[in-house]
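Chemist: sequence? don't have it. structure:
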């Protein structure tokens with residue numbers, strides 16, 4: 001009743017993280033980079049992409065577009081921060097082969113296009129095309145469950161469920 005009187009909206013504690021890229025699921029421990037595989041940046045999963053398009057895996061706000069265009073950060077209404085990092089060692093490409101479609105502050109919905117990338121150029125110039133999807137602020141997470149594996153479809157396949165504290 002008080003929420004209705006004062007117009008405060010209750011924030012949902014559960015969110016689903018959809019696949020931001022079409023491709024094959026990669027268990028976080030199998031990502032060929034120790035920073036991600038050992039969860040130094042947070043929990044999550046990887047995707048071996050089969051196409052070069054990244055869409056938003058959640059409804060939220062763009063909080064970071066890396067100057068090198070290889071990674072984007074999104075924050076959900078319940079404060080979960082998700083990093084989508086395209087490929088490994090792609091920062092050294094200095095944005096070559098990447099085209100961003102969003103800016104910091106943009107509001108996005110599941111399935112909105114965020115970034116295009118050239119898979120063949122990444123194969124040629126970086127160490128791997130495997131793309132980590134990481135929750136970078138695990139302190140707000142009470143429960144994180146992987147629910148989708150195998151072939152993933154961007155914007156459609158639910159890969160993980162998160163319950164916030």
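Modeler: Sure thing, it's come through. Predicted model, so just to flag it, every value in this text is computed and none were measured. Residues are numbered from 1 along each chain as shown.

Chemist: and the closest residue in space to residue 70 that isn't next to it in sequence, how many neighbours?
Modeler: Once flanking residues are discounted, residue 70 sits nearest to residue 90: 4.0 Å by C-beta to C-beta, 6 or more residues apart in numbering. Where you see a C-beta, it was placed from the backbone N, CA and C, and this is true even at glycine. Using other C-beta atoms under 10 Å, residue 90 has 27 other residues around it.

Chemist: if I pick residue 90, what's in contact with it?
Modeler: Shown in contact with residue 90 (C-beta atoms under 8 Å, 6 or more residues apart in numbering): 68, 70, 98, 122, 125-126.

Chemist: pLDDT at it, what is it?
Modeler: Note on residue 90: pLDDT of 97.

Chemist: cool, and residue 5?
Modeler: At residue 5, pLDDT is 50.

Chemist: For residue 128, give the beta-bridge partners.
Modeler: Beta-bridge partners of residue 128, counted by DSSP bridges, are residue 88.

Chemist: all strands of this protein, in order?
Modeler: Along the chain, counting by DSSP state E, strands occupy 14-18, 23-27, 44-49, 53-55, 60-65, 71-75, 81-85, 98-100, 107-108, 113-117, 131-135, 141-146, 151-152, 158-164.

Chemist: Skipping its backbone neighbours, what lies nearest residue 116 in space?
Modeler: Counting by C-beta to C-beta, 6+ apart, the residue nearest residue 116 is residue 99, at 4.5 Å.
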